[in-house]
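> Sharing a model that was predicted from the sequence below.
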Amino acid sequence: MRFQTDLVPARLIRRYKRFLADCTLDDGREVIAHCANPGSMMGLAEPGMKIWLEPNDDPKKKLKFGWRLVDHEDGHFTGVDTSVPNRALRAALMAQQVAPLAEYGLVRPEVKYGTNSRIDFLLSQPGLPDAYVEVKSVTLSRQPGLAEFPDSVTKRGTKHLGELSAMVSEGHRAVMLYLIQRTDCDRFDLARDIDPTYSTAFETAQTAGVEVLCFDTVISPKGVDLGTAINVIS
């Protein structure tokens, strides 16, 4: 997935009201950027961090910049836009490049299911059970090389695990797919101390037959692409 316009470097001044960030561009201008991330962004919103913004000239948008990446300045990046994983994964699914799901030819995003929910992707193929695929963006890392989810309490995420379990009970295939938007992690685990309820729901879902997949990503200021499957500790 390529960014629509070339990203520009900046320094973070502060993130506030969850979806806003004050930033300083290299030319000294201060701008407000949209932050498409409702989570806590633990460890990713410290003042002075180098970040990358995507400019836009869309008259319908109030803010002319979107915050896309954190640059750790050691060769590694973290993607902070939670809409990016679905866009990157959709391209990979349609190209049948996700090995465990490569047999499916029809990919439909945002299909209603469960209780007032939409599944990220519903995959279909004659002769196969439908596959319900829920995607979560993973950005938290508190130990070197280890990515964790969630970074805050997620009642919505817990609800999704229950709905995936219900799909399995109806004879469908259900997949919880974690996409790590960091280039510095090669392992994944749950942040049980942050949301014990989610952890319990995860274990219940696995017992019910929900499959768990985890992939890393290839990230640069040019774009974000699906990487390779990585180890899930849970």
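Done, it's in.
> Which strands and helices lie in contact with the helix or strand hosting E203?
Assigned by DSSP states H and E, E203 belongs to helix 196-208. Applying 3 or more C-beta pairs under 8 Å, 6 or more residues apart in numbering; DSSP states H and E, one finds that helix 196-208 contacts helix 155-169, strand 173-180, strand 185-190. No exception for glycine: its C-beta is placed from N, CA and C like everyone else's.
> what's the domain layout of this structure?
The chain breaks down by automatic domain parsing into domains covering 8-79, 84-232.
> For R2, find the nearest of those domains.
R2 lies closest, by C-beta to C-beta, to one member of the domains of the chain: domain 84-232, at 4.1 Å.
> end-to-end on that closest one?
End-to-end distance for domain 84-232, by C-alpha to C-alpha, to the nearest Å: 22 Å.
> and the helix or strand of the chain with the lowest mean pLDDT, what other elements does it pack with?
Ranking every helix and strand in the chain by mean pLDDT, DSSP states H and E puts strand 231-232 at the bottom, with a mean of 86. Contact here means 3+ C-beta pairs under 8 Å, 6+ apart; on that basis strand 231-232 packs against strand 185-190, strand 211-220.
> Identify whichever of these lies nearest to S141.
Distance to S141, taken as C-beta to C-beta, is lowest for strand 185-190 among the helices and strands packed on strand 231-232, at 5.6 Å.
> Can you tell me the SS state at the residue most central in space within the chain?
Among the residues of the chain, the one closest to the centroid is S137, at 1.8 Å (C-alpha atoms, centre = their mean). The three-state label given to S137 by DSSP: H, G, I helix; E, B strand; the rest coil is strand.
> Quickly find the element holding V153.
Element membership of V153 [criterion: DSSP H and E] is none; it lies in no helix or strand.
> Renumber starting at 896 from here on
Happy to do that; since the first residue is 896 now, the last one works out to V1048.
> Could you list the low-pLDDT ranges of the protein?
1129 (pLDDT under 70).
> What count of nearby residues applies to T1010?
8 (other C-beta atoms under 10 Å).
> related to what we said a few turns ago, nearest to M896, out of the domains of the chain?
In terms of C-beta to C-beta, the element of these nearest to M896 is domain 979-1127, at 4.3 Å.
> gap between the closest one and the chain center?
Averaging C-alpha coordinates over domain 979-1127 and over its chain gives two centres that are 9 Å apart (C-alpha atoms, centre = their mean, to the nearest Å).
> distance of the residue lying closest to T1099 once chain neighbours are set aside from M989?
For T1099, the nearest residue in space outside its immediate sequence neighbours is S1060; the separation is 6.8 Å by C-beta to C-beta, 6 or more residues apart in numbering. Here the distance between S1060 and M989 works out to 27 Å (C-beta to C-beta, to the nearest Å).
> When those two are compared, which one has more neighbours?
Neighbour count, other C-beta under 10 Å: between S1060 and M989, S1060 has more, with 18 against 15.
> What residues does the more buried one make contact with?
Residues touching S1060, when contacts are defined by C-beta atoms under 8 Å, 6 or more residues apart in numbering, comprise A1069, T1099, A1100, A1103, G1104, V1105.
> go with 10 Å
Taking C-beta atoms under 10 Å, 6 or more residues apart in numbering, we find S1060 in contact with A1069, A1096, T1099, A1100, Q1101, T1102, A1103, G1104, V1105.
> Farthest pair within these?
Set against one another by C-beta to C-beta, the contacts of S1060 have their most distant pair in A1096 and G1104, with a gap of 14.2 Å.
> So for those two, which sits in the more crowded spot?
A1096 (20 against 14).
> pretty sure the more buried one contacts T1053?
Yes: using C-beta atoms under 10 Å as the test, A1096 is close enough to T1053 to be in contact (4.5 Å).
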